[in-house]
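Asker: Curious how this folds, go ahead:
(chains A and B)
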Protein chains: 2
Amino acid sequence: MIDAKHIQHFKNIVGEENIYSDKAHLLAYSYDATREHFEPDAVVFPKDEEDVSEILKYCNEHHIVIVPRGAGSGFTGGALPSKGGIVLAMEKHMNKILEIDMKNMVAIVQPGVINMDLQKKVEEVGLFYPPDPASQDYSTIGGNVSENAGGMRAAKYGITKDYVMATRAVLPSGDVIKAGKRTIKDVAGYNISGILIASEGTLAVLTEITLKLIPKPKMTKTAMGIFPTVNDAMEAVYNTMASGVTPVAMEFLDNLTIRAVEETFHKGLPVDAGALLVTDVDGNMEDDLDFQLAQIEKVFRENGCSDFKVAKDEKEAADIWFARRNASPSLSIYGSKKLNEDVTVPRSALPELLEKFYAIAKKYNVKIPCFGHTGDGNVHTNVMVDGSDPEQVKIAYKAIEEVFQATVDLGGTLSGEHGIGLAKAPYMKMAFTDAEMELFKSIKKAFDPNNILNPSKMGLD
Amino acid sequence: MIDAKHIQHFKNIVGEENIYSDKAHLLAYSYDATREHFEPDAVVFPKDEEDVSEILKYCNEHHIVIVPRGAGSGFTGGALPSKGGIVLAMEKHMNKILEIDMKNMVAIVQPGVINMDLQKKVEEVGLFYPPDPASQDYSTIGGNVSENAGGMRAAKYGITKDYVMATRAVLPSGDVIKAGKRTIKDVAGYNISGILIASEGTLAVLTEITLKLIPKPKMTKTAMGIFPTVNDAMEAVYNTMASGVTPVAMEFLDNLTIRAVEETFHKGLPVDAGALLVTDVDGNMEDDLDFQLAQIEKVFRENGCSDFKVAKDEKEAADIWFARRNASPSLSIYGSKKLNEDVTVPRSALPELLEKFYAIAKKYNVKIPCFGHTGDGNVHTNVMVDGSDPEQVKIAYKAIEEVFQATVDLGGTLSGEHGIGLAKAPYMKMAFTDAEMELFKSIKKAFDPNNILNPSKMGLD
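Answerer: Next up is the predicted model:
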């Protein structure tokens, strides 16, 4: 697809040192967190927006595929060059926090900035960037925006889209567009930033992102409750939130997950409990936090909570969070291969969803331990099988298909946080009508008529 | 454009009683809050989504223009049938609150529901729908979403777009699309709800909207501060927010506005003050509110506030709010014709913006009193002239053009709340590049290839 003439042209734009086409580098940029791999024809590191513009214009004229890439930590293949072409890697140059604007409480960043670096930087000046995907230590803001990353704090603070105020982006034509402002209110023109969020790099290449910041809450406290059943735990969650207390995090582990953590780490967890809830509250006043925790304890106990514990200090808080943070690796006791999904349903449907999952598990004779975010109905669903047995792996994929169907049937979404990419593309028709898919394709065409930007993603072709 | 055959077809869909084409009704539906008027060919009241679908499909086949309409209270002509066609009026049938879902904390409403009706209904069960445009007593949720309405509480609680979780809408083809879910997290497919927000009825017709609700804060307190200059007042606002206190409202009146209210109502306002700030704080605990107010007073006094008053009860709070609520009508002392705009700049630029406005006022020898939302940089800018003098009116429009230019130069937007519609369409080129306008047109075409939905709005044709 790409020949020496094209490579030379890209070298002229970015400089000799900012393009790789040797085997080792092509391999390095062929992976993401899905473990699928596809080699690009070249990896290009744009120095700035002007480079991005020149590259896109050229690729558009020559119908060369472009795959924008942040850290390559996505779970659905969004950054994989499945059709070859060039990987446009933002990590080397376009990785700067350009400004932290205190008066307007916004940060202006390039797409390659790592989420945690931004969080730390703004917290130094008393501000707060809440979206905290599990990948926060290495994933980039460009990737977070492109997949609309969530995290633990979503129930109280929302997700990436709730913080994107403005974007600069380059269209396939090479034209630079600016969408949105450093203002909460802006209703002039179509909401282009709104459609770029979660568009997985298929519409335009982000070059600058303006993020809303909020004041950093001055303190956080942690508590844990043990419940006989998931239903009881979820009733406690609904009633806590309806009572006016919105916890920052309200995480659950189901029985299978509790058992796995206990078997692996021997922390004295209640292996017969139906569910364990871990919750954080935050605020600016000790009294307020204590008020919230007292309210949570009251509601928890009214809903069958047998044991409620508030962490007295940071060490106890870390102990409480240990089970949740180590849930994922513990699950390997159930099998060497894990198909993990991030399906999400309205939180009212969470007990019924888990019942359906356990029925699916029974039907296929596999284990499906679940944990995740009760506040927003986002369930980390893990179909565990023996990876060395091809028959088992086939069964696991069948189970996953039923997991998706159960989710959609309950008004849920294929993905709460990870996006569609390649991995979930085959299931798009389960979730969207023909008319909806056609609309997606029309929008794609409006931005990218030659389909050069991250083609074959999201089930669009 | 529409003949008897078309009218008969619409009658067959909605029933004889749900279509008007007599002169009186056409006149009644020719207006909105802009005082411009254009008569439609017919006014049709769909009973349900199926009606909307059939009407759109037919109109698309016959290239008949459709203008969706809520309360017709918009300030920019978004609901005016400037190209004739049929007005699709949602107020008669599609005006129901379909569900208030406590567990997921969402409301499902039809587009014709009045904002205040929804607010009251959800507050009855302890929940809260924050967006509160000044038109809240009569404007509809469909209109609020289509213009992305703001309000007083935006700095703390955001605007309409921050509460839209999902939409159902009908495309010109008649196809019904569902976008989003009753979930905070949903990253499957393009963010169609995101682009429908603020699209002014040009892309699809909304038939159902799912709105996020939050717990209702249990109490509110009001305070007022008087400042020698707008600069001092704005420094106080920045420092208050940076200190970790986010007031629900932080409204300002400039000197000309203070004088107008005082001259009209004789409330003992300080007519020599440069600015007056009115602020509300809310929360669940008396202590927390007092903490916030103490912090605000401290920061206000550090920034030149000469007089700070906390309302002791509801009556005193209403007294404090009186000046702000009566600002707009009071301005008539400066002229019978008011050109009012809702320009918005990053709040850091607000002092400079007002300086520019006063220079424009001086240049054209007109008065430009300003008031509005300091927390989000949204300024109600009023160019006041003698409406009976055509020369003065011409001058006012010249001044407005410079108002827009000054706003755009300071990184601001033509509209923070009201939208573009017809009224601001001529200024779109001031704010957007050719490439951006072309992108808007491509998106419009992707949704509405025959341009039947609210044509001629937003400067798109």
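
Asker: Does stretch A:38-49 reach chain B?
Answerer: No. Using CB under 8 Å from any CB of the partner chain, stretch A:38-49 stays clear of chain B, with a minimum separation of 13.7 Å. No exception for glycine: its C-beta is placed from N, CA and C like everyone else's.

Asker: Buried residues of that stretch, list them for me.
Answerer: Of the residues in stretch A:38-49, A:38-46, A:49 count as buried by neighbour count, 16 or more other CB atoms under 10 Å in any protein chain shown.

Asker: Just checking the distance from it to the centre of its chain.
Answerer: Computed by CA atoms, centre = their mean, to the nearest Å, the separation of stretch A:38-49 from the middle of its chain amounts to 23 Å.

Asker: can you tell me the average pLDDT over it?
Answerer: For stretch A:38-49, the mean per-residue pLDDT is 98.

Asker: Pull out the CA atoms of that stretch and give them to me as CSV.
Answerer: Output of stretch A:38-49 as CSV, limited to C-alpha atoms (Å, rounded to 0.1, in the frame of the first residue of the first chain):
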residue,chain,number,x,y,z
PHE,A,38,-1.7,-6.2,12.6
GLU,A,39,1.4,-4.6,11.3
PRO,A,40,1.3,-1.1,9.8
ASP,A,41,3.3,-0.1,6.8
ALA,A,42,5.0,2.7,8.7
VAL,A,43,4.9,4.4,12.1
VAL,A,44,5.0,8.2,12.0
PHE,A,45,5.4,10.6,14.9
PRO,A,46,4.0,14.0,14.0
LYS,A,47,5.8,16.9,15.7
ASP,A,48,2.7,19.2,15.7
GLU,A,49,-0.7,19.9,14.3
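
Asker: Name the nearest of the buried residues of stretch A:38-49 relative to chain B.
Answerer: Closest to chain B out of the buried residues of stretch A:38-49 is A:Glu49 (13.7 Å), distances taken as CB to the nearest CB.

Asker: Residue in the stretch 101-250 of chain A with the shortest distance to chain B?
Answerer: Using CB to the nearest CB, A:Gly194 is the residue of the stretch 101-250 of chain A that sits closest to chain B, at 3.0 Å.

Asker: got a list of what that residue touches?
Answerer: Residues near A:Gly194 by CB atoms under 8 Å, 6 or more residues apart in numbering or on different chains: A:161, B:161, B:191, B:194-195, B:197.

Asker: These in strands, which ones?
Answerer: Of the positions in the contacts of A:Gly194, not one sits in strands, assigned by DSSP state E.

Asker: What are the buried residues along the one helix or strand A:Asn382 maps to?
Answerer: Using DSSP states H and E, A:Asn382 falls within strand A:378-385. Within strand A:378-385, the residues that count as buried by 16+ other CB under 10 Å are A:378-385.

Asker: Tell me which other helices or strands that strand touches.
Answerer: When contacts are defined as 3 or more CB pairs under 8 Å, 6 or more residues apart in numbering or on different chains; DSSP states H and E, strand A:378-385 packs onto helix A:327-330, strand A:337-341, helix A:350-364, strand A:370-373, helix A:390-409.

Asker: Figure out which of those is closest to A:Asp3.
Answerer: A:Asp3 lies closest to helix A:390-409 among the helices and strands packed on strand A:378-385, at 38.4 Å (CB to CB).

Asker: those strands in the stretch 1-150 of chain A, which residues are they?
Answerer: A:19-20, A:42-44, A:66-69, A:86-89, A:97-101, A:106-109, A:127-128 (DSSP state E, counting those that start in this stretch).

Asker: is the fifth one up against chain B anywhere?
Answerer: Yes. Part of strand A:97-101 sits near chain B under the criterion CB under 8 Å from any CB, namely A:Asp101.

Asker: Pull out the buried positions in that strand.
Answerer: Buried residues in strand A:97-101 (16+ other CB under 10 Å): A:97, A:100-101.

Asker: how many neighbours does the residue nearest to A:Asp137 when sequence neighbours are not counted have?
Answerer: Distance criterion CB to CB, 6 or more residues apart in numbering or on different chains; nearest residue to A:Asp137, sequence neighbours excluded, is A:Met116 at 5.0 Å. The tally of other residues near A:Met116 (other CB atoms under 10 Å in any protein chain shown) stands at 15.

Asker: do A:Gly244 as well
Answerer: Counted with other CB under 10 Å, the neighbours of A:Gly244 add up to 17.

Asker: What does the pLDDT read for the nearest residue to it once chain neighbours are set aside?
Answerer: Spatial nearest neighbour of A:Gly244, excluding adjacent residues (CB to CB, 6+ apart): B:Pro215 at 4.0 Å. You'll see B:Pro215 listed with a pLDDT of 94.

Asker: isn't B:Pro215 right next to B:Pro130, touching?
Answerer: No. Using CB atoms under 8 Å as the test, B:Pro215 is too far from B:Pro130 to be in contact (11.3 Å).

Asker: neighbour count winner among those two?
Answerer: It is B:Pro130, of B:Pro215 and B:Pro130, that has more neighbours when counted by other CB under 10 Å, with 22 against 16.

Asker: how about the more buried one, what does it touch?
Answerer: The contact partners of B:Pro130, taken as CB under 8 Å, 6+ apart, are B:151, B:153, B:156-158, B:163, B:214.

Asker: Of these, which belong to strands?
Answerer: When DSSP E is applied, these are split such that B:Ile214 fall in strands.

Asker: of the contacts of B:Pro130, closest to A:Arg259?
Answerer: Looking across the contacts of B:Pro130 and measuring by CB to CB, the closest to A:Arg259 is B:Ile214, at 36.0 Å.

Asker: For the residue nearest to the closest one when sequence neighbours are not counted, the count of nearby residues, please.
Answerer: Nearest residue to B:Ile214 in three dimensions, chain neighbours excluded: B:Phe128, at 5.1 Å (CB to CB, 6+ apart). Residues near B:Phe128, counting by other CB under 10 Å, number 17.
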